[in-house]
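*Asks:* Need a 3D model of the following:
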Amino acid sequence: MALDDDIRVLSGIGLLKSLNPEQLRLLAFGAENMHLHAERELFRPDTLADCAYVVRSGSLATFRMSGGERRKIATVKPGEVLDEMALIVDVRRSVGAVAEVDTDVLRINRTLFRRILEEYPEVAAALHDQIASRFTAMADRIVDLKPRFND
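*Replies:* Have a look, this model is predicted:
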């Protein structure tokens, strides 16, 4: 696919909404295009994550291991991202991912993403606000669930 197609895909990612077209172009240019044949494992659960993956075409199944077998958690479709927080902090992958069909993904590494944040501090500030807003919303949802768990 062309660079413009990659930019279009990246522009739909929530975490990247504060990037302007030129910044998205830099990110797309530095991203690695990967093709996975059906049933190829992209990564395993509990491995260190130093990048995020954006599905361009096809689909990935996320899974956890149970009794030595994969237990499917969800399907990741085109335009969706896996492990976006790995672009910012050291994390372990909570799930594994495997291609359900032939699948194309963009691999965005943390080093590239951090370089963009360093070059464009306004993007870093907007990202900070976005993440803070997400955590506040998550905390509110947790508080809303509290009555369900009280005896």
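*Asks:* so where's the chain shaky on pLDDT?
*Replies:* Along the chain, segments meeting pLDDT under 70 span 1, 135, 151.
*Asks:* Helices of that one, start to end?
*Replies:* In the chain, the segments counted as helices under DSSP state H are 3-11, 21-30, 110-119, 121-149.
*Asks:* Show me the one of the ones you listed that comes nearest Gly96.
*Replies:* Closest approach to Gly96 among these (Cβ to Cβ): helix 110-119, 19.4 Å. Yep, even glycine has a C-beta here, placed from its N, CA and C like the rest.
*Asks:* The closest one vs helix 21-30, what angle?
*Replies:* Per axes from the mean of the first three to the mean of the last three Cα atoms, to 10 degrees, the angle that helix 110-119 makes with helix 21-30 is 160 degrees.
*Asks:* Other residues contacting helix 110-119?
*Replies:* Helix 110-119 has contacts (Cβ atoms under 8 Å, 6 or more residues apart in numbering) with 19, 23, 26-27, 30-31, 50-52, 86-88, 123-124, 127.
*Asks:* Show the buried residues in the residues you listed.
*Replies:* Buried residues within those, counting neighbours by 16 or more other Cβ atoms under 10 Å: 19, 23, 26-27, 31, 51-52, 86-88, 123-124, 127.
*Asks:* Ala31 against Ile108, yeah?
*Replies:* Yes - with contacts counted by Cβ atoms under 8 Å, Ala31 reaches Ile108, the gap being 5.0 Å.
*Asks:* Quick check: neighbours shared by the two?
*Replies:* With contacts taken as Cβ under 8 Å, 6+ apart, Ala31 and Ile108 have Val54 as neighbours in common.
*Asks:* Turn the helices of the chain into CSV, including distance to Phe43.
*Replies:* Compiled in CSV, those are given as follows (distance: least, Cβ to Cβ, whole Å):
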stretch, distance to Phe43
helix 3-11, 20
helix 21-30, 20
helix 110-119, 14
helix 121-149, 23
